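Colleague: Got a predicted structure plus its sequence, pasted below:
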Amino acid sequence: MGWKSEWQRSIDDPEGFWMDQAHTIEWDRAPSRALHDLGGPVPEWYADGLVNTCWNAVDRHVVAGHGDRLAVIYDSPVTGSVKRITYAALQDRVARLAGALKARGVEQGDRVIIYMPMIPEALDGMLACARIGAIHSVVFGGFAAAELAVRIDDAQPKAILAGSCGIEPGRIVPYKPLLDAAIAQATHKPEFCVILQREQGLADMTPRDTDWEDFIEADPVECVPVAGNHPAYILYTSGTTGAPKGVVRATGGHLVALDWSMANIYGVAPGEVFWAASDVGWVVGHSYICYAPLIHGCTTVLFEGKPVGTPDASTFWRVMADHKVAAFFTAPTAFRAVRREDPQASMMAGHDLSGLRTIFLAGERADPDTVDWIAKVTGKPVIDHWWQTETGWTIAGNPIGLEALPVKTGSPSVPMPGYDVRVLDEAGEPLPVDTLGAIAIRLPLPPGTLPTLWNAEARFRKAYLETFPGYYETGDAGMIDADGYLWIMARTDDVINVAGHRLSTGAMEEILATHPDVAECAVIGVGDALKGQLPLGLLCLTKGIDRPEAEIVAECVKLVRDRIGPVAAFKLACVVDRLPKTRSGKTLRATMAKVADGTLDKVPATIDDPAILDEIGTALQRLGYPVA
């Protein structure tokens, strides 16, 4: 079956389509139907089935005779170590940790926060919770104490699993002081914490803390079946109000959707090596480092390092070659960092990438210039795809395992099964092809997507369902072309209004990225008394460029005006050393706009390095903006 027929069937008969896909999962009790209307904000998937995530991700492969197959390859350039864990060894590790949690009173439905770096024990913790039906909430290691405290109060965990420290290029980040401060600030107090002591930064222990190695000396326990709509985890994502939103992932739909995606979207088979270069603190780390590869019987790469700096821009190529990676998944910003340091990809020399079939990009818009560079230097297909923390897997992509569609560089391609994607105007009416508008998905959403927010159903309805009744509001803006390909141009908030013309900042960024001296860029809207808003470009230059910055800026302004026209009113641009980003690599455009307008009252908790905002402020002041 090709993509179009499969997608159409999923829209016309979601019940039949998703019941068929559920057969790849081992159920303790098969669901009687796919969709269940239980009176919540949206219908729920496989609610009357009984199933266990850990069984499907680990135990069933051992039972099937694949215990000696590699489950996890831990590659840590920051510690200089590589560790390989088979499915049988993973089963033992997880079963003993689950037994230890259960012995300390953690039961089905209890919450456990995991605050760890990119180490195998982080995956152990996620799977151990799934094994006994506990609900985990992974918080990015090193997250600020105040933000961790907010998550502790919202999730109310019985226990917290934490590492003593994280390791960044050139520095050690102690986690334990942050954890202690967070617990002190939080109203809710966990009953106990389990601390994995890393030799690079040992932690001071308190009476509340138990050493990891002592803790796991426990009897293993078996998997506990849970209802198909039982929450597997809570993952917090930033909210427009500043308060984090706890995205809930239901167990049954999560299993079915992720297994389908591995075969059909990523085109990998059991036993092959899959590498998602993300972090377990983000949704990609949940879906495609921990769960999907293991559910599908693949080997997953757990990478503790950076695309540059651990030790240099050769790291990606080295890891792919060393571990015979078949499919690689990262954010465009990672490759932009590699390109900026090594524009000719000379550091790829000596690394055999013959086993690599496909490179996947997601997490932010993949500008055509970056896509073209990756394809040129690797000789591999580069596939963009688009999804969100809320959806947990691909909304729009190119399903190479089902049918490899023609690539249109700059587009994440077409909707995946279950996603009825529409482009709407402000009144919720469908727009014609090639017309910029708000991207929404007609309900019901497919399995694997969020059914609600943790303890915040009213907020879920307001944030996602009320703007366009009958639809899920994505918060992204874009258009659909005559071939049904989706084009994501910006977040809805990043569509700027210049003298009544709605313009996409993303379209301007695509043009700026084609300049040979520009390694990375962002366009934001800034206030203007005459036109309401004006676009302003921030340019990061390729290393080694020895030309006057004013000359490059003038060329960039001309590029945009030549290609979009005077209507863009693009006259303002400046060179900056780096852009403010989240730890997952997303550029904080709205934050920069607030800096430019002098209205920034709170630094986002997700920012990787707050000092960058001062650098941006200085650059904007030179342009005459009233930076706060």
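Modeller: On my side now, so go ahead.

Colleague: partners of the closest residue to Val495 other than its chain neighbours in the sheet?
Modeller: Leaving aside its chain neighbours, Val495 sits nearest to Ala477 (4.8 Å; criterion: CB to CB, 6 or more residues apart in numbering). C-betas here are computed from N, CA, C, even on glycine. Counting by DSSP bridges, Ala477 forms beta bridges with Ala438, Ala490.

Colleague: what's the answer for Ser413, then?
Modeller: The partner list for Ser413 in beta bridges (DSSP bridges) reads Leu486.

Colleague: I am assuming it contacts Ile395, so please confirm or correct that.
Modeller: No - the criterion here is CB atoms under 8 Å, and Ser413 misses it with Ile395 at 10.6 Å.

Colleague: Comparing those two, which residue is more hemmed in?
Modeller: Each of Ser413 and Ile395 has its neighbours counted (other CB atoms under 10 Å); Ile395 has more, 27 against 24.

Colleague: what's that one in contact with, if anything?
Modeller: Ile395 is in contact with Trp386, Trp387, Gln388, Pro412, Pro415, Met416, Tyr419, Val421, Ile441, Thr474, counting by CB atoms under 8 Å, 6 or more residues apart in numbering.

Colleague: again with Cys54
Modeller: Contact analysis of Cys54 by CB under 8 Å, 6+ apart lists Val94, Ala98, Leu127, Ala128, Ala130, Arg131, Cys223.

Colleague: Quick one: the strands in the stretch 401-550 of the chain, in order.
Modeller: Along the stretch 401-550 of the chain, counting by DSSP state E, counting those that start in this stretch, strands occupy 414-415, 420-424, 437-442, 471-480, 486-491, 495-498, 501-504, 518-528, 532-541.

Colleague: Name the nearest of the contacts of Cys54 relative to Gly585.
Modeller: Leu127 (25.6 Å; CB to CB).

Colleague: The closest one: which element?
Modeller: Element membership for Leu127 (DSSP states H and E) is helix 120-132.

Colleague: after that helix comes which helix or strand?
Modeller: Helix 120-132 is succeeded, C-terminally, by strand 135-138 (DSSP H and E).

Colleague: Contacts for that following strand, please.
Modeller: Residues contacting strand 135-138 (CB under 8 Å, 6+ apart): 109-116, 122, 125-126, 129-130, 151, 155, 157, 231-236, 246, 280-281, 285-286.

Colleague: and if you look at stretch 326-335?
Modeller: In this structure, residues lying in contact with stretch 326-335 by CB under 8 Å, 6+ apart are 266-268, 272-278, 284, 288, 307, 316, 320, 355-367, 370-371, 373-374, 520, 581, 584-587.

Colleague: first vs last residue of that stretch, how far apart are they?
Modeller: One end of stretch 326-335 to the other measures 18 Å (CA to CA, to the nearest Å).

Colleague: just stretch 201-220 next, same as before
Modeller: Start-to-end, stretch 201-220 (CA to CA) is 29 Å.

Colleague: Distance from that stretch to the middle of the chain?
Modeller: 30 Å (CA atoms, centre = their mean, to the nearest Å).

Colleague: Only the buried residues of that stretch, if you could.
Modeller: By neighbour count on 16 or more other CB atoms under 10 Å, the buried set for stretch 201-220 is Gly201, Ala203, Asp209, Thr210, Trp212, Phe215, Ile216, Ala218.

Colleague: try stretch 141-152
Modeller: Across stretch 141-152, burial judged by 16+ other CB under 10 Å covers Gly141, Gly142, Phe143, Ala144, Ala145, Glu147, Leu148, Ala149, Val150, Arg151, Ile152.

Colleague: rewinding a little: can you list the strands of the stretch 401-550 of the chain in JSON lines and add mean neighbour count and mean pLDDT?
Modeller: Below are the strands of the stretch 401-550 of the chain laid out as JSON lines (neighbours: other CB atoms under 10 Å; pLDDT from 0 to 100):
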{"stretch": "strand 414-415", "mean neighbour count": "23", "mean pLDDT": "98"}
{"stretch": "strand 420-424", "mean neighbour count": "19", "mean pLDDT": "97"}
{"stretch": "strand 437-442", "mean neighbour count": "22", "mean pLDDT": "96"}
{"stretch": "strand 471-480", "mean neighbour count": "22", "mean pLDDT": "95"}
{"stretch": "strand 486-491", "mean neighbour count": "22", "mean pLDDT": "84"}
{"stretch": "strand 495-498", "mean neighbour count": "19", "mean pLDDT": "74"}
{"stretch": "strand 501-504", "mean neighbour count": "18", "mean pLDDT": "70"}
{"stretch": "strand 518-528", "mean neighbour count": "23", "mean pLDDT": "90"}
{"stretch": "strand 532-541", "mean neighbour count": "21", "mean pLDDT": "90"}
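
Colleague: May I see the ones you listed organised as a markdown table, with distance to Tyr464 added?
Modeller: Listed next are the strands of the stretch 401-550 of the chain as a markdown table, based on distance: least, CB to CB, whole Å:
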| stretch | distance to Tyr464 |
| --- | --- |
| strand 414-415 | 18 |
| strand 420-424 | 14 |
| strand 437-442 | 10 |
| strand 471-480 | 5 |
| strand 486-491 | 14 |
| strand 495-498 | 19 |
| strand 501-504 | 22 |
| strand 518-528 | 24 |
| strand 532-541 | 26 |
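
Colleague: Which one of those lies nearest to Ile11?
Modeller: strand 420-424 (5.3 Å).

Colleague: most remote residue from this protein's center?
Modeller: Note on the chain: the largest C-alpha distance from the chain mean falls to Leu530, namely 38.7 Å (CA atoms, centre = their mean).

Colleague: now the contacts of strand 135-138: which count as buried?
Modeller: Applying 16+ other CB under 10 Å to the contacts of strand 135-138 flags 110-116, 122, 125-126, 129-130, 151, 155, 157, 231-236, 246, 280-281, 285-286 as buried.

Colleague: Out of those residues, which sit inside strands?
Modeller: Residues of those located in strands (DSSP state E): Arg111, Val112, Ile113, Ile114, Tyr115, Pro231, Ala232, Tyr233, Ile234, Leu235, Tyr236, Gly246.

Colleague: of those residues, closest to Gly16?
Modeller: Nearest to Gly16 among these: Ala232, at 24.7 Å, using CB to CB.

Colleague: Confirm for me that that closest one is in contact with Gly253.
Modeller: No - here Ala232 does not reach Gly253: they are 9.5 Å apart, not a contact under CB under 8 Å.

Colleague: Pass me the low-pLDDT residue ranges in the chain, would you?
Modeller: 1, 238-242, 492-494, 499-502, 584, 626-628 (pLDDT under 70).

Colleague: Kindly report the domain assignment for it.
Modeller: Domains of the chain are assigned by automatic domain parsing as 87-224, 499-622.
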